[in-house]
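> Sequence plus predicted model, see below.
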Amino acid sequence: MLNISGIQEGFVLDHIQAGMSMSIYRDLKLDRLDCQVAIIKNAKSSKMGKKDIIKVECPIDMLDLDILGFIDHNITVNIIKDDNIVEKKKLHLPSQVVNVIKCKNPRCITSIEQELDQVFILTNQEKEIYRCKYCEERQKKKKRTIR
């Protein structure tokens with residue numbers, strides 16, 4: 001039996017697709033935080049079969065919910081205070097992402113002006129399509145696969 005202690009204040013990312021926790025760990029830059037992080041891979045789940053879980057002991061404001069929503073909006077975020085879940089957040093596709101996707105259009109202003117933010121706007125929620133704010137280059141959100 002695996003036993004991971006509870007956390008005083010922080011958050012738990014639940015319902016992560018099995019095998020994707022390390023990718024999310026890198027994408028959220030959790031390695032740069034000075035806090036405790038527990039990654040549970042391939043936990044049994046009645047809903048998903050297998051899932052990953054990430055527990056982080058640090059304030060919730062350290063987490064970028066937009067990036068997490070873009071990565072996988074099916075993840076559940078449980079906010080913990082005093083060892084208790086005080087709130088559950090359901091994620092959604094963000095209406096805009098900044099510096100998450102890079103525009104592939106060589107004629108886009110972001111290719112020339114390197115310091116310009118890469119801004120993409122959600123234009124089709126059903127098909128998960130984002131477009132560059134500057135040149136309207138289409139970027140379909142790819143389903144993440146295990147590396």
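Arrived safely, thanks for sending. Numbering: from 1, shown residues only.
> Quick check: closest non-adjacent residue to the residue in the chain sticking out farthest from the centre.
No residue in the chain sits farther from the centre than Arg107, which is 29.1 Å out by CA atoms, centre = their mean. Spatial nearest neighbour of Arg107, chain neighbours left out: Cys135 (6.9 Å); criterion: CB to CB, 6 or more residues apart in numbering. Every C-beta, even on glycine, is put in place using the N, C-alpha and C of the backbone.
> mind listing the helices for this structure?
Along the chain, counting by DSSP state H, helices occupy 21-27, 65-71, 109-112.
> What pLDDT does the model give the residue farthest from the centre of the chain?
Note for Arg107: predicted pLDDT of 94.
> Out of the helices of the chain, flag the one nearest Glu9.
helix 65-71 (17.0 Å; CB to CB).
> Extract the CA atoms of that closest one and return them as CSV.
Extracted in CSV, the C-alpha atoms of helix 65-71 (Å, rounded to 0.1, in the frame of the first residue of the first chain):
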residue,chain,number,x,y,z
LEU,A,65,-4.9,27.6,-14.6
ASP,A,66,-4.9,28.9,-18.3
ILE,A,67,-1.9,26.8,-19.3
LEU,A,68,-3.4,23.8,-17.4
GLY,A,69,-6.8,24.3,-19.1
PHE,A,70,-5.0,24.4,-22.4
ILE,A,71,-3.0,21.2,-21.7
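> Can you give the contact residues for that helix?
For helix 65-71, contacts defined as CB atoms under 8 Å, 6 or more residues apart in numbering pick out 13, 24, 27-28, 75, 77, 89, 91-94, 96-97, 100, 141, 144.
> returning to that earlier point: and the gap between the residue farthest from the centre of the chain and Glu136?
Taking CB to CB, to the nearest Å as the criterion, Arg107 is separated from Glu136 by 12 Å.
> Equivalent analysis for Phe70, please.
19 Å.
> Looking at those two, which one has more neighbours?
Using other CB atoms under 10 Å as the criterion, Phe70 and Glu136 rank with Phe70 on top: 23 against 12.
> could you list every residue that touches the nearest residue to that one once chain neighbours are set aside?
The shortest distance from Phe70 to any non-neighbouring residue, by CB to CB, 6+ apart, is to Val97 (5.2 Å). Residues in contact with Val97 (CB under 8 Å, 6+ apart) are 66-67, 70, 119-120, 130.
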